[in-house]
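A.B. asks: here is a sequence with its predicted model. Questions after.
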Amino acid sequence: MRISYSSLETFIVCPAKFKFGVIDKIKVPQSKEAFFGTIIHETLRMLHDPIKIVPPTEEEILEFFSSHWIPEMWPDKDEESIAFSQGVKILKEYYQKNYPTNFNIVDLETRFDAQVFDENSKETHIITGKIDRIDKIETGFEIIDYKTSKKMPPQKSVDENLQLSTYHLGIANRWPSIEEKNVKVKLSLYFLRHSEKLSTERTAEQLNETRGKILRIIREIKEMEEKEEFKPRANPLCDWCGYQKWCPLFAHKFLEKKGPNEEEMKKAVEEYFEIKAESKKDARRIAELQEIINQYLDKQNLERVFIDNGYITRSAQERNSWNEEKVREILEKVKRWNEVSKLDSAKLKKILGTFPLETQEKIKKALKVKKTFTLLKEKKTK
Ligand code: SF4
């Protein structure tokens, strides 16, 4: 299989979105967020353009940015002007920290192929992608990917980031001497809105895990393709998804002919929202009232307060938890640990990629859905 990294990422987020965009190739208009990211990337590309002997001035890059800006991408005028000023701020800060001649830039927006061999099917899969910037640094190479996201993730998620791991595989495939000579590859995400770079590295073992992870995703894609079943996966990006019109989860929103009890359902949902909001308010107020009562009890050195029609008593409650290590040690000595130990599914998921592929398959087959239950989760959009 030949597949781009961004398609793999789309599949991880939502298989249905993957089907609409990658398999069915349905074209949707670019979102304003994607446009913002693209124009910033293009401006940084222009800043570092290797053809230019003298780097552009700050004014020139801002001029490039504003001449490519499309205000109509933002239906709301205020939102548009905020986005434009954010873009200017990002570029000014970047320019201060990244004057082109201070860096030894090897390549920009460069395409790569990462090869992943599947022992089972004897097939070599090719993951393609584009790296924003590669620098030659004292210790080896630095791969930099620009991010225009508002949030900065914790370091742990950068250390486990699949995109960066795949980029490492890609650059090692392009320059085999990286692996042969054990050249260091620094992997960085540059958060432009915060003007901060988070960096990490990968060990040979982690790169093997990455190959395993990619193979698992490819197998999942193939399985779904065979079953012709790419299920929608609700996620925080759904509200901005361009495929809502085709998505079964959003079917009701685009139904031309609504159900017979539409009005009754609408009222039920409205009331549901109201009750939920009230119960949240009540929970907050109860916490405030408890605080007042507790303070009174503390000051008066009491454990019970009375009013005309009742009283409240405070009592200390102890919650015990086992020291698993100790209990295990004791029970193992008497050969009884098997009776109480249970499978830690979170842990198993984490280490799954470290098993040989055959074992991984066996473990995955042992997974069964015990109980299916429905859950009502509300979200107010207005
Ligand atoms: S709206 Fe959400 S669930 Fe539907 S296709 Fe888009 S991302 Fe997937």
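C.D. replies: Okay, I see it. Numbers count the residues shown, from 1 in each chain.

A.B. asks: correct me, but V116 touches I127?
C.D. replies: Yes. The pair V116 / I127 is scored as a contact, 6.5 Å apart, by CB atoms under 8 Å. No exception for glycine: its C-beta is placed from N, CA and C like everyone else's.

A.B. asks: quick one: the closest residue in space to E209 that isn't next to it in sequence from E160, how far?
C.D. replies: The shortest distance from E209 to any non-neighbouring residue, by CB to CB, 6 or more residues apart in numbering, is to G353 (4.6 Å). Look at G353 and E160: by CB to CB, to the nearest Å, they are 11 Å apart.

A.B. asks: please apply the same query to P15.
C.D. replies: From P15 to E160 the distance is 21 Å (CB to CB).

A.B. asks: look at G259 and say how many residues are nearby.
C.D. replies: 10 (other CB atoms under 10 Å).

A.B. asks: on the three-state scheme, it is what?
C.D. replies: Per DSSP: H, G, I helix; E, B strand; the rest coil, the local secondary structure of G259 is coil.

A.B. asks: quick one, strands of the stretch 101-250 of the chain?
C.D. replies: Listed in chain order, the strands of the stretch 101-250 of the chain (DSSP state E, counting those that start in this stretch) span 105-118, 123-137, 140-147, 184-191, 196-200.

A.B. asks: pull out the buried positions in the last one.
C.D. replies: Which is strand 196-200. K197, L198, S199, T200 (16 or more other CB atoms under 10 Å).

A.B. asks: mind listing what G170 touches?
C.D. replies: G170 sits next to F112, D113, A114, I127, G129, I131 when contact means CB atoms under 8 Å, 6 or more residues apart in numbering.

A.B. asks: which ChimeraX command selects the buried ones in those residues?
C.D. replies: Remark: buried members of the contacts of G170, expressed as a ChimeraX selection using 16+ other CB under 10 Å:
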select :112,114,127,129,131
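
A.B. asks: any chance of the contacts of G170 in JSON lines, with pLDDT and distance to L215 too?
C.D. replies: JSON lines is the format used below for those (pLDDT from 0 to 100; distance: CB to CB, whole Å):
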{"residue": "F112", "pLDDT": "92", "distance to L215": "18"}
{"residue": "D113", "pLDDT": "93", "distance to L215": "16"}
{"residue": "A114", "pLDDT": "94", "distance to L215": "12"}
{"residue": "I127", "pLDDT": "96", "distance to L215": "11"}
{"residue": "G129", "pLDDT": "94", "distance to L215": "17"}
{"residue": "I131", "pLDDT": "95", "distance to L215": "22"}
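
A.B. asks: look up phi and psi at the residue of the chain most remote from its centre.
C.D. replies: The centre of the chain is farthest from one residue, D308, which by CA atoms, centre = their mean lies 55.2 Å away. Main-chain dihedrals, D308, degrees, to the nearest 10: phi -60, psi -40.

A.B. asks: within range of the ligand, give me the residues from the stretch 151-300 of the chain.
C.D. replies: Residues of the stretch 151-300 of the chain lying close to the ligand (CB under 6 Å from any ligand atom) are P232, R233, A234, N235, L237, C238, C241, Y243, Q244, C247, L249, F250.

A.B. asks: which among these count as buried?
C.D. replies: For those, buried by 16+ other CB under 10 Å: P232, C238, C241, Y243, Q244, C247, F250.

A.B. asks: who are the contact partners of the third one?
C.D. replies: With contacts taken as CB under 8 Å, 6+ apart, C241 has the following neighbours: C14, K17, C247.

A.B. asks: from I292, how far out is the residue nearest to the last one when sequence neighbours are not counted?
C.D. replies: In this structure, C247 finds its nearest non-sequential neighbour in P232, 5.3 Å apart by CB to CB, 6+ apart. P232 is 47 Å from I292, where distance means CB to CB.

A.B. asks: picking up where we left off before, now, which of the contacts of G170 sits nearest E209?
C.D. replies: A114 (14.0 Å; CB to CB).

A.B. asks: for the nearest residue to that closest one once chain neighbours are set aside, grab the count of nearby residues.
C.D. replies: Computed as CB to CB, 6+ apart, the closest residue to A114 that is not its neighbour in sequence is L169, at 3.7 Å. Using other CB under 10 Å, the number of residues around L169 comes to 23.

A.B. asks: which pLDDT value belongs to L169?
C.D. replies: pLDDT recorded at L169 is 96.

A.B. asks: ok now stretch 262-273, how far from the chain's centre?
C.D. replies: Distance of stretch 262-273 from its chain centroid, counting by CA atoms, centre = their mean, to the nearest Å, is 33 Å.
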